[in-house]
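> here are the coordinates; sequence isn't available:
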């Protein structure tokens, strides 16, 4: 009977891991903030998940530069995120204009929507933003035809 409990526990553990693995790729990709001024690529970084700025509007770049983060593109805004449940991660968020790192959570709330929260003062002051996934660029038909000829 003891072997059955160990087998059951192992099966349950593997089922949880499989569910996390299926969920994890949904967070990967390029996401845009509500102001549409910053795009961040969320991707695997070793055993965790991170997010790096891949595009920023001139205004966002100026604000970040004024606060001491120049250039903004290439900066890791999201670091050391680990799954804490289905579609949920916790990690650290860097906010360039505040020059600080804050405890943060990400929660997938739809197929192309993630809520990202950052908290300060022991999670007493929190702000949440809803980010939208950027659809991958589609290659124009003429460009696909040209690529086939090459």
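Yes, it's here. Nothing here was measured: the structure is a model prediction, and the numbers come from that model. Residues are numbered from 1 along each chain as shown.

> got the contact list for the helix or strand residue 82 falls within?
Using DSSP states H and E, the element containing residue 82 is strand 76-85. Here strand 76-85 makes contact (CB atoms under 8 Å, 6 or more residues apart in numbering) with 20, 23-24, 38, 40, 42, 45, 47-53, 89-96, 104-106, 116. The C-beta positions use only the backbone N, C-alpha and C, and glycine is treated the same way.

> of the residues you listed, grab the buried ones for ChimeraX.
Selecting only the buried entries of these in ChimeraX, with 16 or more other CB atoms under 10 Å as the criterion:
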select :23,38,40,42,45,49,50,51,52,53,89,90,91,92,93,94,95,96,104,105,106,116
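
> just the contacts of strand 76-85: which are in strands?
Residues of the contacts of strand 76-85 located in strands (DSSP state E): 38, 40, 42, 45, 48-53, 89-95, 104-106, 116.

> in the strand holding residue 82, what counts as buried?
So strand 76-85, judged by 16+ other CB under 10 Å, has buried residues 77-81, 83.

> so residue 69 sits against residue 96, correct?
Yes: using CB atoms under 8 Å, residue 69 makes contact with residue 96 at a distance of 3.8 Å.

> give me the common contacts of those two.
residue 75.

> mean confidence score for stretch 78-85?
In this model, stretch 78-85 has an average pLDDT of 96.

> start the count at 37, not 1, going forward
Got it, the first residue is 37 from now on, which makes the last one we talked about stretch 114-121.

> distance between that stretch and the chain's centre?
Distance of stretch 114-121 from its chain centroid, counting by CA atoms, centre = their mean, to the nearest Å, is 9 Å.

> also stretch 62-76?
On CA atoms, centre = their mean, the centre of stretch 62-76 falls 8 Å from the chain's centre.
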